[in-house]
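1. What would the 3D arrangement of this be:
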Amino acid sequence: MPKAQETILEIDLKALKQNFEYIKSKTQKSAKILAVVKAFAYGSHADTIANYLQDLDVDYFAVAYASEGVALRDAGIVKPILVLHPQTVNFKTLIERCLEPSLYNTKILNEFIAVATEEGQTNYPVHIKFNTGLNRLGFIESDVNGIISKLEETKSIIAKSVFSHLAASEDLSEKEFTSLQIQKFNTIAEKFSKKTECQPMFHICNTSGILNYPEAHLDMVRTGIGLYGFGNSEKENKNFKPIATLKSVISQIHSIEKGETVGYNRAFKSQYFVKTATIPIGHADGIGRQYGNGKGYVIINDKPAHIIGNVCMDMIMVDITNIDCKEGDVVIVFGDHPHSASEFSKTAQSISYEIITAISPRVKRIFLT
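-> Model (predicted):
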């Protein structure tokens with residue numbers, strides 16, 4: 001393994017392409033594909049990821065907030081961008097940068113219509129969000145008539161899509177609940193289609209929805225975690241390749257005698273002779289304190305080295321007593337299977353989403369093409 005000099009996040013764009021092509025192969029040919037690139041493209045690098053996917057001819061993008069959409073426009077993204085959780089204070093910015101808001105209740109619908117009218121817009125594209133069971137954001141089925149009346153009263157906006165979000169599509173033990181969500185959304189879609197002249201796209205599937213509920217692909221599907229290499233199940237993980245590998249380096253090796261302690265608050269107290277390695281990565285880089293005290297581990301020369309003591313802001317210490325290694329050797333925090341972010345996160349009863357989106361911007365991104 002080559003020498004490392006600092007903590008880096010390697011991002012494999014070939015893996016991104018492989019994941020995109022697999023998702024595309026599992027998607028009904030009539031359905032468009034929306035790539036979710038919120039949260040810095042799930043902790044990788046939004047500008048690079050979005051431009052790469054744009055070159056692969058993805059149909060749509062989605063971000064959480066207006067600022068993320070503005071950053072993508074500044075980076076050269078010209079494809080449509082759906083803003084999933086817009087705030088009213090940013091409505092004028094949305095219009096200025098051709099970003100398309102998700103409208104999820106009467107208040108935000110009315111306020112966006114008012115701003116769009118004030119800005120002289122005609123048929124500005126919006127997306128109407130319905131709650132079918134996640135109970136996070138969204139109108140409910142009984143709101144359909146009122147929404148359509150609002151749309152018919154104004155020429156400033158037009159419904160580009162109507163959508164909802166599955167709550168447990170990765171959990172096949174919740175298949176009955178997910179099927180009820182899909183059924184409820186299909187009813188909403190049917191009512192919407194019958195009562196409005198505009199024919200919006202309908203979409204409800206996330207990555208696991210794409211994989212487990214092909215009958216619900218409708219006009220478009222949304223994929224986030226799958227693009228970044230995770231299928232939300234042991235079976236599907238085999239078909240994806242994580243795009244990010246978090247690497248670091250051994251800065252120093254210590255010999256800890258029986259009775260000595262390691263780290264803040266003397267959290268580790270040695271009961272016998274131990275060798276430790278100090279690694280330049282800590283909770284300011286995204287490795288939370290919950291991974292300390294023997295829970296989390298890194299890989300050094302193909303062997304697990306458990307974190308001992310408390311995670312520091314900029315460093316962790318790991319147990320290398322039984323590992324043949326030296327200062328300057330490469331450390332893998334997470335990467336491809338079986339040492340993926342999903343496996344790393346399980347040690348602290350977390351999930352891949354949390355650890356990959358937590359990686360600090362101060363960690364240098366390296367792109368593999």
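2. how far away is Gln5 from Pro280?
-> Here Gln5 is placed at a distance of 10 Å from Pro280 (CB to CB, to the nearest Å). Using the backbone N, CA and C atoms, a C-beta is placed for each residue, glycine as well.
3. Of the two, which one has the most company?
-> Between Gln5 and Pro280, counting by other CB atoms under 10 Å, Pro280 is the more crowded of the two (17 against 10).
4. Could you tell me the end-to-end distance of stretch 78-91?
-> 19 Å (CA to CA, to the nearest Å).
5. What of stretch 163-170?
-> End residues of stretch 163-170 are separated by 18 Å (CA to CA).
6. And it, what's buried?
-> Neighbour counts over stretch 163-170 (16 or more other CB atoms under 10 Å) mark Phe163, Ser164, His165, Leu166, Ala167, Ser169, Glu170 as buried.
7. same check, this time on stretch 14-29
-> Ala15, Leu16, Lys17, Gln18, Asn19, Phe20, Tyr22, Ile23, Lys24, Lys26, Thr27.
8. Give me the subset of these lying in helices.
-> Ala15, Leu16, Lys17, Gln18, Asn19, Phe20, Tyr22, Ile23, Lys24, Lys26 (DSSP state H).
9. three-state assignment of the residue nearest to the fourth one when sequence neighbours are not counted?
-> When you say that, I think you mean Gln18. Once flanking residues are discounted, Gln18 sits nearest to Lys241: 5.6 Å by CB to CB, 6 or more residues apart in numbering. Under DSSP: H, G, I helix; E, B strand; the rest coil, Lys241 falls in the coil class.
10. Return the subset of the buried residues of stretch 163-170 lying in strands.
-> Phe163 (DSSP state E).
11. Just give me the closest of the buried residues of stretch 163-170 to Lys364.
-> Glu170 (32.0 Å; CB to CB).
12. Make CSV from the buried residues of stretch 14-29 and add pLDDT and distance to Gly209 to it.
-> Output for the buried residues of stretch 14-29, formatted as CSV (pLDDT from 0 to 100; distance: CB to CB, whole Å):
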residue, pLDDT, distance to Gly209
Ala15, 98, 22
Leu16, 98, 20
Lys17, 98, 22
Gln18, 98, 20
Asn19, 98, 16
Phe20, 98, 17
Tyr22, 98, 15
Ile23, 98, 11
Lys24, 98, 15
Lys26, 98, 11
Thr27, 98, 10
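13. Sort out which one of the residues you listed lies nearest Thr245 for me.
-> Once CB to CB is applied, the member of those that ends up nearest Thr245 is Ala15, at 9.6 Å.
14. mean confidence score for the helix ranked longest in the chain?
-> Identified as the longest helix of the chain according to DSSP H is helix 175-195. What helix 175-195 shows for mean pLDDT is 96.
15. all helices for this protein, in order.
-> 13-26, 38-43, 46-55, 66-74, 91-96, 106-118, 144-153, 175-195, 207-212, 234-237, 341-346, 352-357.
16. nearest to Arg289, of those helices?
-> That would be helix 352-357 among these, by CB to CB, at 13.3 Å.
17. Leaving out chain neighbours, which residue sits closest to Arg136?
-> His165 (7.2 Å).
18. who's in contact with the one you found?
-> Contact partners of His165, counting by CB atoms under 8 Å, 6 or more residues apart in numbering, are Lys129, Thr132, Leu134, Arg136, Gly138, Ile204, Asn206.
19. Compare those residues and tell me which has the most neighbours.
-> Scoring the contacts of His165 on neighbours with other CB under 10 Å, the highest-scoring entry is Ile204 at 28 neighbours.
20. isn't that residue right next to Gln181, touching?
-> Yes - in this structure, Ile204 is within contact of Gln181 by CB atoms under 8 Å, at 7.3 Å.
21. any shared contact partners between those two?
-> Counting by CB under 8 Å, 6+ apart, the residues touching both Ile204 and Gln181 are Thr132, Ser164, Leu166.
22. one step back: out of the helices of the chain, which is closest to Asn322?
-> Comparing the helices of the chain by CB to CB, helix 341-346 comes nearest, at 20.2 Å.
23. buried stuff in that closest one?
-> Residues of helix 341-346 classed as buried: Ala341, Ser342, Phe344, Ser345 (neighbour count, 16+ other CB under 10 Å).
24. Spit out the contact partners of the first one.
-> Okay, so that is Ala341. Shown in contact with Ala341 (CB under 8 Å, 6+ apart): Phe230, Pro242, Ala244, Leu246, Phe334, Ser352, Ile355, Ile356.
25. Kindly reformat these as TSV containing distance to Pro214.
-> Listed next are these as TSV, based on distance: CB to CB, whole Å:
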residue	distance to Pro214
Phe230	19
Pro242	24
Ala244	28
Leu246	34
Phe334	30
Ser352	24
Ile355	30
Ile356	27
